[in-house]
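Trainee: build me a model from this:
(chains A and B)
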Protein chains: 2
Amino acid sequence: MSVTIALDGMGGDHAPGIVVEGAAQALRDTPDLRFLLFGDEARLRPLLDARPDLAKACELRHTADFVAGDARPSAALRQGRNSSMRLAINAVKDGHAAAAVSAGNTGALLAMAMFVLKTLPGIDRPALATAMPTQRKPVIILDLGANVDCDADHLFQFAVMGEVVARTLHDIAKPTVGLLNVGVEEVKGDEVVRKAATMLRDSPLQIGFAGFVEGNDIAAGSVDVVVTDGFTGNVALKVAEGTVGLFAQALKDAFRSSLTSKLAYLLARPALQRLRQRFDPRRYNGAMFLGVNGVVVKSHGGTDALGFSAAVRVAANLVRQDANRRIIEEMGAVQAALEPSAQMTASEAAAS
Amino acid sequence: MSVTIALDGMGGDHAPGIVVEGAAQALRDTPDLRFLLFGDEARLRPLLDARPDLAKACELRHTADFVAGDARPSAALRQGRNSSMRLAINAVKDGHAAAAVSAGNTGALLAMAMFVLKTLPGIDRPALATAMPTQRKPVIILDLGANVDCDADHLFQFAVMGEVVARTLHDIAKPTVGLLNVGVEEVKGDEVVRKAATMLRDSPLQIGFAGFVEGNDIAAGSVDVVVTDGFTGNVALKVAEGTVGLFAQALKDAFRSSLTSKLAYLLARPALQRLRQRFDPRRYNGAMFLGVNGVVVKSHGGTDALGFSAAVRVAANLVRQDANRRIIEEMGAVQAALEPSAQMTASEAAAS
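Mentor: Okay, the predicted model is just below:
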């Protein structure tokens, strides 16, 4: 099945170069991909001309406008109607593309995706989700910052969406879902997480709810999906990134500290390169905007072509696995299960 | 100046062994320490007898009662009036000891400290704080879980307390304080952090407020103090611990992956040991209960004697630096600065 991806050619610190080269790399792995590339033709055409295979699979749509990296989402929404980012999202809305990928301004992308595509039935708010490396299989974590304030309904919906992604993208038959908290006991945490836990435990869905998990469970890979509000999730992701950076720098310093340790580095290099590869953030690039009625993936703004190709692959997989249809089905099942009791309440109310 | 520390002899996974040996190690570094050791005499006496130097500096107070690791704080508060933990805190209240250290149940320790010692003038709620390693100097982070719900006043008070600790314990003349958020721009985050930021910016205190910081700033050491609510702080601390564990395990696996890499490990061992030492969680052991009217330090429950001795040192330093008096002074200055405007409002109200 051919999948067409709309690309924001001008989004990200190293656009348009990494967008075009990233698309070319993704196409090499997955030859039936097709692209709609939005952006400045004068800059994009030469890049395409240098890559004939990609040029054949890619349609270039010129626009001079783009969203600045530091633009406020509200301003981008008002003023960026002809931006490469907005046109890529419009292409999903109009059915010309099955997904949109951008390395640009996250807030603007989220605002535009929400405004143009709206949310899926049963979903109040979209969430940003990504995969992270663990001691076992990668874990899906959400929300990463789309919603700083969440109530229990939102967390419940995030759990449903995260479970679908783990099941489809990570091919896990029965994913386990944990709710991030400050302790695993039922009495821990604030009212929001406790209520969300009750909702997940009592859910008519077949979600493998594992209860509360703690911050260290993310790296341990204790569950397949970690659900939290956007404030905590954003901090957790950046703490993990910062800690990896601290450790990597300290390791580099250690190997440079003496002649013997420099020799040791040479000997250990193949093993250390495998290690670096395993944690390479580019491999995990591609944050999913779950819950919008269309597939939108955000690439890290500072990534390179390899990283951007990973984000394209995430988008293509969400499309092929029909993740959004499955989310709609799950939320529909929740609604259906709730309705009889809602009717009962209505008739009870009528009788009283 | 001799400092007397009350020790919960029965708290922690490896009590009483690590408590007694940890005290002995702390005494070796700091010979003018004195201890009041609470717990089961039948178990503690032989441990003291084997350490004559410690025995001379330590008074043993028998109690058969102790707080279980899984006891609910409310239950521990009701039923643990004669527990080793409670008696250690009582000793601070009664002036027999200048500080209490326990490796036991965190929630119970917090509840007892609050109940027995109350909070410092100007402080609504105590916070749990610890030092963490960074690419530069260690950072003080709080709250780590004492308060899952915080308002702006609480965050402001945490900032004042954290700044005092960085200034006194870490000997930083003018510490910088950052407020943890999902972005550095003023518009980011929820109302609570935005209001706390305004309070810190407008504060009459000479706090070096650096504005918002993000999760990755903790490991980067961008500021000397990171302030956040107890939910986010708890998750951040555990994510960092989990990530270090993941990385350390992967590094171990890498060195074991071939004969060459095993040889490399032997060559790099001295450098890697310095690395391990730098991040050794035992060196950073000792979470401070800031804001209670007395010095109480929580040791990690699973630590060993070296880790426990670090927690004892944290307690002794808080006492010697008179950190609580300085917190009272700072909060007093805030009150004094607020009062004129409060009076003005009152007279305005009277005039109208």
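
Trainee: residues contacting residue A:15?
Mentor: Each residue near residue A:15 by Cβ atoms under 8 Å, 6 or more residues apart in numbering or on different chains is listed here: A:8, A:9, A:39, A:103, A:104. Placement of C-beta: from N, CA and C, glycine included.

Trainee: try it again at 7 Å.
Mentor: Residues touching residue A:15, when contacts are defined by Cβ atoms under 7 Å, 6 or more residues apart in numbering or on different chains, comprise A:9, A:103.

Trainee: that one: helix or strand, and which one exactly?
Mentor: Secondary structure assigned from DSSP states H and E places residue A:15 in neither a helix nor a strand.

Trainee: next one: residue A:97 from residue A:107, what distance?
Mentor: Using Cβ to Cβ, to the nearest Å, one obtains 22 Å as the distance from residue A:97 to residue A:107.

Trainee: and residue A:157, by the same measure?
Mentor: Note on residue A:157: its distance to residue A:107, by Cβ to Cβ, is 21 Å.

Trainee: isn't residue A:230 right next to residue A:147, touching?
Mentor: Yes - under the criterion of Cβ atoms under 7 Å, residue A:230 is in contact with residue A:147, at a separation of 4.2 Å.

Trainee: that older thread, between residue A:157 and residue A:107, which has more neighbouring residues?
Mentor: Counted by other Cβ atoms under 10 Å in any protein chain shown, residue A:157 and residue A:107 do not tie: residue A:157 has more neighbours, with 29 against 22.

Trainee: flag every buried residue along stretch A:255-269.
Mentor: Applying a neighbour-count criterion of 16 or more other Cβ atoms under 10 Å in any protein chain shown, one finds A:255, A:257, A:261, A:264, A:265, A:267, A:268 buried in stretch A:255-269.

Trainee: would you list those in CSV and tack on secondary structure?
Mentor: Converted to CSV, the buried residues of stretch A:255-269 look like this (DSSP: H, G, I helix; E, B strand; the rest coil):
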residue, secondary structure
A:255, helix
A:257, coil
A:261, helix
A:264, helix
A:265, helix
A:267, helix
A:268, helix
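
Trainee: which parts of chain A belong to which domain?
Mentor: What the record gives for chain A is the domain set A:1-118+A:292-321, A:125-282, from automatic domain parsing.

Trainee: return the residues of the stretch 101-250 of chain A in contact with chain B.
Mentor: Of all the residues in the stretch 101-250 of chain A, those in contact range of chain B (Cβ under 7 Å from any Cβ of the partner chain) are A:134-135, A:145, A:148-149, A:180, A:182, A:189-190, A:214-216, A:218-220, A:230-232, A:234-247, A:249-250.

Trainee: just the helices in the stretch 1-150 of chain A please.
Mentor: Assigned by DSSP state H, counting those that start in this stretch, the stretch 1-150 of chain A shows helices spanning A:17-29, A:41-49, A:52-57, A:73-79, A:84-93, A:106-117.

Trainee: deepest-packed of those, please.
Mentor: helix A:84-93 (a mean of 26; mean count of other Cβ atoms under 10 Å in any protein chain shown).

Trainee: ok, now which ones touch residue A:183?
Mentor: A:212, A:214.

Trainee: per-residue pLDDT, it?
Mentor: Each residue has a pLDDT score; the one for residue A:183 is 88.

Trainee: quick one: secondary structure of it?
Mentor: coil.

Trainee: returning to that earlier point: list just the one of the domains of chain A that sits closest to residue B:93.
Mentor: The stretch from the domains of chain A with the least distance to residue B:93 (Cβ to Cβ) is domain A:125-282; that distance is 27.5 Å.

Trainee: could you tell me the end-to-end distance of the closest one?
Mentor: In terms of Cα to Cα, to the nearest Å, the two terminal residues of domain A:125-282 are separated by 27 Å.

Trainee: so what's the gap between it and the chain middle?
Mentor: If you compare the mean C-alpha spot of domain A:125-282 with that of the full chain, they lie 12 Å apart, counting by Cα atoms, centre = their mean, to the nearest Å.

Trainee: pLDDT on the helix or strand containing residue A:163, on average?
Mentor: Assigned by DSSP H and E, residue A:163 belongs to helix A:152-168. Throughout helix A:152-168, pLDDT has a mean value of 96.

Trainee: what packs against that helix?
Mentor: strand A:127-132, strand A:139-142, strand A:176-180, helix A:191-201, strand A:225-227, strand A:287-290, helix A:323-351 (3 or more Cβ pairs under 7 Å, 6 or more residues apart in numbering or on different chains; DSSP states H and E).

Trainee: worst average pLDDT in these?
Mentor: Per-segment confidence across the helices and strands packed on helix A:152-168 bottoms out at helix A:323-351, which has a mean of 72 in mean pLDDT.

Trainee: contact partners for residue A:278?
Mentor: For residue A:278, the residues meeting the contact criterion (Cβ under 7 Å, 6+ apart) are A:133, B:250.
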